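A.B. asks: Provide a 3D model corresponding to the input given below.
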Amino acid sequence: MPLKSTFPRFISLSLLVLLLCQLLLPIAPALARRDVGGLDLLPKVAVAPVPSLQDFVASISSDNILHEVSGLSKFSRCLNNSSHAAAAIYLQERIRAVGLVPMVQSFSSSAPGVQVTPLQNIVVRLPGTNPHALHLLTAHYDSSPNRLYPPPCDNAAPGANDNGSGVAVLLELARLFGLGRISFEDDIELVFFDAEEYGYLGSQYFVRNLDSSSTINPANLPLGVVINLDMVGYSAQQGKGKVWAVAQPGASLDLAQQGAEIAATYSPAARYGLYTIGDLFPASRDPNRLSDQSSFWKANKGTAIFLTEDVADDIGNDSRYHTPGDTLYNKDGSLRLDPALMADTARVAIAIAGTKAHPQPRRFFPNLNPLFERNWSRADCPVLVGSETGQTAGRSWLWGLAPNQIFEEPYEEAPGGKRLVTYFDKARMELRLPGSTVTNGLLVRELATGALQLGDTKFSQLAPSQVPVAGDPNQQGQNPTSPTYASFKNLVEGDKVAETHNTPVTATLERNGQAGVNETLAHYARNTVYIPNTGHNIPDLFWTWFESQGRTYDPLKDSYTNGLIFDWQETVGYPISEAYWIRTRIAGQEQEVLVQLFERRVLTYNPANEAAFKVEMGNVGSHYYSWRYNK
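C.D. replies: Residues are numbered from 1 along each chain as shown. I've put the predicted structure just below:
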């Protein structure tokens, strides 16, 4: 950020107090309206959260941002310093490292103090799916070691806060964009401006050439929102910083006001402040103008706002601004900058720009039939996103992390005698006709009886599966005593059993199919529901799990909601055995596990697991594929 020379820091305290008193009197109501507690008084725009953008925002990492500040602040980036050019190369390398392509916009200037050529803006273009506008997230990467204009490069200029903080936010967004987990209807660009400290030279050049550049704006799209980030890393109290949105009257102010609601929707923990040019200083000399958004304001291009850490005085909270002391760490090794504030700024910035660019529903598996993906995504999209963001869904997979095999299998009644199937770890999905209902085969019954189903009434008899129903596999003899599907054959093919409501579950099963009793396990589970269709009891801990509520995803509405995670009859089917305790090896350690076979799934209860994962689905899909195809 250039020196805010309108009100020098060395102005006497008494004069400053008098000046502020004169300025504040006529605008006190405006200040109250825009303070933290006054945001409720601002006009609000209803914002419905979009899951793909929610997930993107939740993935932002303050640790990664700190890492980027640390890397960039090793370069003294004052314009005429040799490290400035090295920093530009470094930025391009960081962008390529996350799978994106940096474009360099070279230019020259005869502005006072500029001794190098060419200067370089660095641009990352993220094409939209059907763009109608171009939206920008911007930050300057040059720095200054002093508060003179033009700044002589006569000292170190690490610029950790000014403006390594803003650049680090853009690099973190670039990292997440590089993962390919989100797309937008409109184009978005990340722009790293050069020579801001010499009078916004980079942003001025960018604005002048926006409509004529075949690389920066190849479709000659109208400019949408511009979110400029400058000095977003310092707060007087760690964890107490505020993201200030600086706007000028008109569309800019409208955007900043909408930003309050967008920030509350996507990043409710962020403290958001709104400042309008002229609130604290005469509008024509307001030092909060002094960053790259002013180039867009002056040219009347797009709708620009400026996110920063402070608006209250001429320099801001950070006394080390424009000094060699603008570092990431203090001399005692403690953090000088606030990682929470930088992460909040990143969340607010992409939430506002992303909302305006229209985020699109995420396709998780482009090669998977969309009907299969919809079926998978209801329960397992939140689990996957939780693993990506570090915010666990509090449950394990219903289907599995990803499809394992996708192909056509013989089925007599299907057109051409084949139907599309997809194998996941936990089960198989089937589609007999294009656009028809997705089904979930009776794989467990087939595994236990050996009756391979090839049509509605057509079967081929194989030997029952010797794969362990739970625990480690046994290909190399690592789980030799665990019961297999074959161990349950006689139980599955046997008669219905009597209802045993509220009876402790103490039955055990050996690999050879021999049943027994272990009364020491009686305190874990009791039979609570009887299913007359197949004549078996279901223990309370499995029945309670069937009724679990949690976060689910609706792919047709592209929204998250809380409710019943799955329909147990459609997903699991009826029980085809009683529940039995077995001894099986898990990660090489023998453990007691409660197992029950259902038509479509195997349920397990492991007392040693964490509470959220005590009940899980067995890997029926993988077991069935291995049995059927001898893999």
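A.B. asks: going forward, measure contacts and count neighbours with C-alpha atoms only.
C.D. replies: OK.
A.B. asks: mind listing the strands for the stretch 501-631 of the chain?
C.D. replies: Along the stretch 501-631 of the chain, counting by DSSP state E, counting those that start in this stretch, strands occupy 507-509, 515-517, 527-531, 536-539, 549-554, 559-564, 580-586, 589-597, 602-605, 615-617.
A.B. asks: Make JSON lines from these and add distance to Phe365, mean neighbour count and mean pLDDT to it.
C.D. replies: Converted to JSON lines, the strands of the stretch 501-631 of the chain look like this (distance: least, C-alpha to C-alpha, whole Å; neighbours: other C-alpha atoms under 10 Å; pLDDT from 0 to 100):
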{"stretch": "strand 507-509", "distance to Phe365": "40", "mean neighbour count": "20", "mean pLDDT": "98"}
{"stretch": "strand 515-517", "distance to Phe365": "43", "mean neighbour count": "13", "mean pLDDT": "97"}
{"stretch": "strand 527-531", "distance to Phe365": "37", "mean neighbour count": "18", "mean pLDDT": "98"}
{"stretch": "strand 536-539", "distance to Phe365": "35", "mean neighbour count": "25", "mean pLDDT": "98"}
{"stretch": "strand 549-554", "distance to Phe365": "15", "mean neighbour count": "18", "mean pLDDT": "95"}
{"stretch": "strand 559-564", "distance to Phe365": "18", "mean neighbour count": "14", "mean pLDDT": "94"}
{"stretch": "strand 580-586", "distance to Phe365": "30", "mean neighbour count": "22", "mean pLDDT": "97"}
{"stretch": "strand 589-597", "distance to Phe365": "30", "mean neighbour count": "21", "mean pLDDT": "97"}
{"stretch": "strand 602-605", "distance to Phe365": "26", "mean neighbour count": "23", "mean pLDDT": "98"}
{"stretch": "strand 615-617", "distance to Phe365": "22", "mean neighbour count": "22", "mean pLDDT": "96"}
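A.B. asks: so where's the chain shaky on pLDDT?
C.D. replies: For the chain, applying pLDDT under 70 flags the ranges 3-47, 313-316.
A.B. asks: so what's the nearest residue to Asn619 once chain neighbours are set aside up against?
C.D. replies: Spatially, and ignoring its direct neighbours in sequence, Asn619 is nearest to Lys426 (4.3 Å; C-alpha to C-alpha, 6 or more residues apart in numbering). Lys426 is in contact with Trp397, Leu398, Trp399, Gly400, Arg601, Met617, Gly618, Asn619, Val620, Gly621, Ser622, counting by C-alpha atoms under 8 Å, 6 or more residues apart in numbering.
A.B. asks: Just the buried residues of those.
C.D. replies: Trp397, Leu398, Trp399, Gly400, Arg601, Met617, Gly618, Asn619, Val620, Gly621, Ser622 (16 or more other C-alpha atoms under 10 Å).
A.B. asks: The residue nearest to the last one when sequence neighbours are not counted is in what secondary structure piece?
C.D. replies: I take that to be Ser622. Closest residue in space to Ser622, ignoring its immediate chain neighbours: Asp425 at 4.9 Å, by C-alpha to C-alpha, 6+ apart. Counting by DSSP states H and E, there is no helix or strand that carries Asp425.
A.B. asks: how close does the residue nearest to Gln405 when sequence neighbours are not counted get to Gln461?
C.D. replies: Sequence neighbours aside, Tyr423 is the residue nearest to Gln405 in space, at 5.2 Å (criterion: C-alpha to C-alpha, 6+ apart). Distance, Tyr423 to Gln461, by C-alpha to C-alpha, to the nearest Å: 21 Å.
A.B. asks: what does Thr534 give?
C.D. replies: Taking C-alpha to C-alpha, one finds Thr534 at 22 Å from Gln461.
A.B. asks: Likewise for Ala270?
C.D. replies: 62 Å.
A.B. asks: do Leu223 as well
C.D. replies: Distance, Leu223 to Gln461, using C-alpha to C-alpha: 66 Å.
A.B. asks: Look at the two and report which has more neighbours.
C.D. replies: Set Leu223 next to Gln461 and count neighbours by other C-alpha atoms under 10 Å: Leu223 wins out with 20 against 11.
A.B. asks: Which residues are in contact with that one?
C.D. replies: Per C-alpha under 8 Å, 6+ apart, neighbours of Leu223: Ala133, Leu134, His135, Lys301, Gly302, Thr303.
A.B. asks: redo that, cut-off 10 Å
C.D. replies: Residues in contact with Leu223 (C-alpha atoms under 10 Å, 6 or more residues apart in numbering) are 132-136, 187, 210-211, 217, 296, 301-304.
A.B. asks: In terms of helices and strands, where is Arg147?
C.D. replies: Judged by DSSP H and E, Arg147 forms part of no helix or strand.
A.B. asks: for it, phi and psi?
C.D. replies: phi -110, psi 40 (degrees, to the nearest 10).
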